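K.L.:
Quick one: sequence and predicted model below, then my questions.
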Amino acid sequence: GVMQAFDAVFAKFGWQLLTPVVGIMLVTASLGGMLTWLAGPSKGLLLISRQEGYLPPFLQRLNRQGVQQNILVAQGLITTVIALLYAFIPDVSSAYWIFSVITTQVYLITYLLMFVAGTGLWSSRSR
């Protein structure tokens, strides 16, 4: 896997102490990418939920600065639970792979929704 490749390269130069550091950096980067895509759409979710009433009023509230705090807290709790589940994975390569897959799935869902929305806008304009 990824960590074995880094370990082999670092072994050539006698820098094997850097393998865990790179592992932590890779997991942190993957987690950061996943969290960015989870937290980013909260503003759009708030806008649509207020217009269409999809979310309960508790999740539609804003704090004093106008931030959708309750949506972000709910997303944070869900993400924390998911991240804690991965803390029990003993292999860094497996954890990295899982975070990469989750990040890719979130990207695909976002682009799929944008494609569907774009197709809907295109078809409504052509009528």
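P.N.:
Ah, there it is.
K.L.:
from here on, contacts and neighbour counts on C-alpha atoms
P.N.:
Noted.
K.L.:
From Tyr111, how far out is Ala117?
P.N.:
With distances taken as C-alpha to C-alpha, to the nearest Å, Ala117 is found 10 Å from Tyr111.
K.L.:
ok, now Gly23?
P.N.:
With the distance defined as C-alpha to C-alpha, Gly23 ends up 29 Å from Tyr111.
K.L.:
For the residue nearest the centre of the chain, what is the enclosing helix or strand?
P.N.:
For the chain, the residue nearest the mean C-alpha position is Met34 (2.0 Å; C-alpha atoms, centre = their mean). Of the helices and strands defined by DSSP states H and E, Met34 is found in helix 18-39.
K.L.:
repeat for Val67
P.N.:
When the helices and strands are read off by DSSP H and E, none of them contains Val67.
K.L.:
go on, Leu84?
P.N.:
Secondary structure assigned from DSSP H and E places Leu84 in helix 69-87.
K.L.:
Dump that helix to PDB, restricted to CA.
P.N.:
Extracted C-alpha coordinates of helix 69-87, given in PDB (Å, rounded to 0.1, in the frame of the first residue of the first chain):
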ATOM      1  CA  GLN A  69     -24.500  26.800  13.800                       C
ATOM      2  CA  ASN A  70     -26.900  24.000  14.500                       C
ATOM      3  CA  ILE A  71     -26.400  22.500  11.000                       C
ATOM      4  CA  LEU A  72     -22.600  22.700  11.500                       C
ATOM      5  CA  VAL A  73     -22.800  21.100  14.900                       C
ATOM      6  CA  ALA A  74     -25.000  18.200  13.600                       C
ATOM      7  CA  GLN A  75     -22.500  17.700  10.700                       C
ATOM      8  CA  GLY A  76     -19.600  17.800  13.200                       C
ATOM      9  CA  LEU A  77     -21.200  15.200  15.400                       C
ATOM     10  CA  ILE A  78     -21.900  12.900  12.600                       C
ATOM     11  CA  THR A  79     -18.300  13.300  11.200                       C
ATOM     12  CA  THR A  80     -16.800  12.800  14.600                       C
ATOM     13  CA  VAL A  81     -18.700   9.500  15.000                       C
ATOM     14  CA  ILE A  82     -17.400   8.400  11.600                       C
ATOM     15  CA  ALA A  83     -13.900   9.500  12.400                       C
ATOM     16  CA  LEU A  84     -13.900   7.700  15.800                       C
ATOM     17  CA  LEU A  85     -14.900   4.500  14.000                       C
ATOM     18  CA  TYR A  86     -11.800   4.800  11.900                       C
ATOM     19  CA  ALA A  87      -9.600   5.300  15.000                       C
END
